[in-house]
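Peer 1: Everything below, folded, please.
(chains A and B)
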Amino acid sequence: MPDPRPPVQPIPDSKTVSEKRRRLSLVWLVPIIAAGVGVWVAATQILSKGPKITIVFRSADGLDAGKTVIRYMGVEVGTITGIRLSPDHEHVIAAAQMAPDTDGFFVADTQFWAVRPRISGANVTGLGTLISGAYIGMQIGSSGEPKRDFVALETAPIISSDVPGRFFTLKTGDLGSLDNGTPIFFRRLQVGQVASYVLSKNGQYFDVKIFVQAPYDQYVAANTRFWQASGIDMQLSASGLSVQTQSLLSILIGGVAFETPSSGGLLTEADADTEFTLFATRTEAFEPPARNPQTYELVFNESVRGLLPGAPVELRGIKIGEVEDIRAQVDAKTMNFTIPVTIKLDAQRLGIKVVDANAGVDLANIRKQFIDSMVARGVRAQLRTGNLLTGSVFIAFDYFPDAPPVKIDWSQHPVELPTIPGELEAAEKRVGDIITKLNKLPLQEISESLNHTLGDLDQTLMSARTTLDSANTIVAPDSAQRVQLDKTLAEIERAARSVRVLADYLERHPEALLRGKEAKTK
Amino acid sequence: MSTGVITAMSDRLQHCETCGLLSRPAPGAIDGRCPRCDEELTFRKPGSIQRTWAFLIAAAICYIPANVLPVLSTTTAAGTESDTILQGVVLLWSPTGWPLSLIVLFASIMIPSAKILALGYLLFSVQFGSAQNHRQRLRLFRTVEFIGRWSMVDVFVDTFTAALIQLQPLMEVEPGPGLFFFAAVVVLTMMAVESFDPRLIWDSAGSPEASYA
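Peer 2: Model prediction:
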């Protein structure tokens, strides 16, 4: 190699420095800090992964993997990380990554639901989700049993678990205007809401779950009555028009009211989840509950127009039951068209007491004897018009001593009780009978003979008149007969006077009859 | 001197890094000061390899979270979306947007990793006294030095976006934690390049002065 060294003279000497450099530089702190930060970030990332759960939905509508969040009381506690179909393609299974320290949230009765915009009756919920998209709401259960796989609710529960109060179940055949969130009223104060409802398996009734907030839940006793306070309950009765409403809100969206009857004494509070019947109206709710209803059958041969199921059955004016069913049947042998009416009697429910019943006596037996004796005494069922305006008809049991005797056949089911035609029917029949009899009268002959008789009568009257005329001439004041008569009468008067004098004398002197008249001088 | 390369050090001359004055160290002293500008004089940057390693390792550590953590989180009414660099590349990859996607891929993923690998290679070759490919290695170093600052473009774009797009409550863009690590990677690699003394490349194996590193 050639020597490229140029002449570098003169090159000055550098100054000396006494301090020594450290061999291990402080610069190593940089990677240590970087590693520390990296480890810290990694640790927080790993630790910030909470439990993984799965939620089964009916549909993934509005749900988005990686975007849809799970919120509890508005706080984001997790994110949906994946959405897939269930193996049977019936459901959607969403996997969710939850926030750290949320393990305690996931217990057996924790609930999830998708929050989507929802407008119902009185409330609008989830409006924010119109813009932000759906999210998943959750409610932490109180159970201690951990769970990781959940099935989402169809709709959000109305009541959050941290509100004190109790749930009750109402059974109703007709949902009416009830919906989730429908208010519950107690003395017109809103004290709760309808939480959910499910149709029973056989489709016969709804199980409506309601929530009554504390402290009002203490007013729900075992004998509390619930009724649908939907809208306006108007009743036109003999006492006039009565209108019952709850609040304006309930008129608009319906509601459920409850009240505990004051009679029957103080009962203990009902346990949570007690089942009650939801009545249609307050009146119905306060009717005594059915206790031991028996079904009987009444066969009518007349028109049952105006008779409806639910019509009252009365015994001497006291309601003892209701009409349950009205059918029609044709007897194949006799070709008779009859209308069997099924009635339900529940005397106990209606407060009819059996007086002087020995303890242990079979009530059914007493009932049998009672009905037998009543029928023997002539009690029969009859259709009667209850309301002339509406033409509604009810069934009355009453005494008809003239009714033909009937023996009740207790072997059949339901037992048939004897009937007699209704009042109107009976009256019609009587009038008909009279008309038939009238028809049978020989009116033609009667009138003919009457004519003859009248002619004879005419002649008789003529002769009677002449007789009376001649008699009149006899009794005229200026007639000779009259004068003579007057004289005769005067003569008779005098004779009568002397007879009286004689009689007086004889009364005082009865001996004169024997001895004759005594001298006056004496 | 096996390669026969003549360096200032081999002639016991020191070169001032600040004013460029060449001086001869005082006898008996290892380090001195520039007689003109009073700058400390060394034959080679003191602790160059050590410092470079330190910065390089720190950069390599930060490179992992920079790519794993989201660099940008976009909050719109539809929800919050956080994207890492690689997700951004995938997101940009479309029939029309692929050049942009490639730019991001090169600037944000390949270049930082290439820098780290290149510096690592240079350090290894210097430490083990490799006597080959001096020129290529020097060219590599120059390239790394030149390209380093451009990686910062990503960080600038990100921060600008975050600063400009603040349309609360409709839309909001926030830098993610990955961005800080990414910036750290860029800064640390630049510092590593800065602390690396390219003259070491020429100090071949067997040279007694190699111990300066």
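
Peer 1: Okay, and the beta partners of the residue of chain B found nearest chain A?
Peer 2: For chain B, the residue closest to chain A is B:Gly32, as judged by C-beta to the nearest C-beta, at 2.6 Å. Placement of C-beta: from N, CA and C, glycine included. When assigned by DSSP bridges, B:Gly32 has beta-bridge partners A:Thr16, B:Leu41.

Peer 1: ok, it touching B:His15?
Peer 2: No: using C-beta atoms under 8 Å, B:Gly32 makes no contact with B:His15, being 12.0 Å away.

Peer 1: Of these two, which one has the most company?
Peer 2: A count of neighbours by other C-beta atoms under 10 Å in any protein chain shown puts B:Gly32 above the other of B:Gly32 and B:His15, at 20 against 17.

Peer 1: What distance do you get for the more buried one to A:Leu153?
Peer 2: Going from B:Gly32 to A:Leu153 by C-beta to C-beta, to the nearest Å gives 82 Å.

Peer 1: same thing with A:Asp372?
Peer 2: According to C-beta to C-beta, A:Asp372 stands 58 Å off from A:Leu153.

Peer 1: out of the two, which sits in the busier spot?
Peer 2: A:Leu153 (17 against 13).

Peer 1: Next, give phi and psi for B:Glu39.
Peer 2: Main-chain torsions, B:Glu39, degrees, to the nearest 10: phi -80, psi 150.

Peer 1: so how far is B:Glu17 from it?
Peer 2: Distance, B:Glu39 to B:Glu17, using C-beta to C-beta: 7 Å.

Peer 1: One more: A:Leu417?
Peer 2: In terms of C-beta to C-beta, A:Leu417 sits 125 Å off from B:Glu17.

Peer 1: before we move on, what about B:Asn67?
Peer 2: On the measure of C-beta to C-beta, B:Asn67 and B:Glu17 end up 35 Å apart.

Peer 1: And the helices in chain A?
Peer 2: Applying DSSP state H to chain A gives helices spanning A:29-47, A:129-132, A:248-253, A:282-285, A:363-376, A:423-440, A:443-474, A:480-508, A:512-515.

Peer 1: Check chain B too.
Peer 2: B:48-68, B:85-92, B:98-104, B:111-127, B:134-148, B:152-164, B:177-195.

Peer 1: closest one to A:Ala270 among those helices?
Peer 2: helix B:177-195 (55.9 Å; C-beta to C-beta).

Peer 1: mean confidence for the closest one?
Peer 2: For helix B:177-195, the mean per-residue pLDDT is 86.

Peer 1: Most proximal residue of chain A with respect to chain B?
Peer 2: Using C-beta to the nearest C-beta, A:Ser14 is the residue of chain A that sits closest to chain B, at 2.6 Å.

Peer 1: Give me the nearest residue to that residue, chain neighbours excluded.
Peer 2: Ranked by C-beta to C-beta, 6 or more residues apart in numbering or on different chains and with sequence neighbours excluded, the top spatial neighbour of A:Ser14 is B:Gly32, at 2.6 Å.

Peer 1: Report the separation between the one you found and B:Leu22.
Peer 2: For B:Gly32, the distance to B:Leu22 (C-beta to C-beta) stands at 12 Å.

Peer 1: what sits in contact with each of those two?
Peer 2: B:Gln14 (C-beta atoms under 8 Å, 6 or more residues apart in numbering or on different chains).

Peer 1: What pLDDT does the model give A:Leu236?
Peer 2: 63.

Peer 1: and what of B:Leu122?
Peer 2: Looking at B:Leu122, its pLDDT is 87.

Peer 1: One more: A:Leu170?
Peer 2: 87.

Peer 1: A:Asp273 is in contact with that one, correct?
Peer 2: No: counting by C-beta under 8 Å, A:Leu170 does not reach A:Asp273; the two are 11.2 Å apart.

Peer 1: how about the residue positioned nearest the centre of chain B, what does it touch?
Peer 2: In chain B, the residue lying closest to the centroid (C-alpha atoms, centre = their mean) is B:Thr189, at 2.4 Å. Shown in contact with B:Thr189 (C-beta under 8 Å, 6+ apart): B:55-56, B:59, B:112, B:115-116, B:119, B:144, B:148, B:151.

Peer 1: Selecting buried members of those residues in ChimeraX, what would you type?
Peer 2: Applying 16 or more other C-beta atoms under 10 Å in any protein chain shown to the contacts of B:Thr189 leaves a buried subset, and the ChimeraX line that selects it is:
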select /B:55,56,59,112,115,116,119,144,148,151
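
Peer 1: Of the contacts of B:Thr189, which ones also sit close to chain A?
Peer 2: Contacts with chain A within the contacts of B:Thr189, as defined by C-beta under 8 Å from any C-beta of the partner chain: B:55, B:59.

Peer 1: follow-up on the earlier one: with neighbour numbers in mind, choose between A:Leu417 and B:Glu17.
Peer 2: The neighbour count for A:Leu417 versus B:Glu17, taken as other C-beta under 10 Å, is higher for A:Leu417 (21 against 14).

Peer 1: what sits against the nearest residue to the more buried one once chain neighbours are set aside?
Peer 2: Excluding its sequence neighbours, the residue lying closest to A:Leu417 (C-beta to C-beta, 6+ apart) is A:Tyr296, at 5.1 Å. With contact taken as C-beta under 8 Å, 6+ apart, A:Tyr296 is in contact with A:342-345, A:414-417.

Peer 1: Which pLDDT value goes with A:Tyr296?
Peer 2: pLDDT, A:Tyr296: 87.
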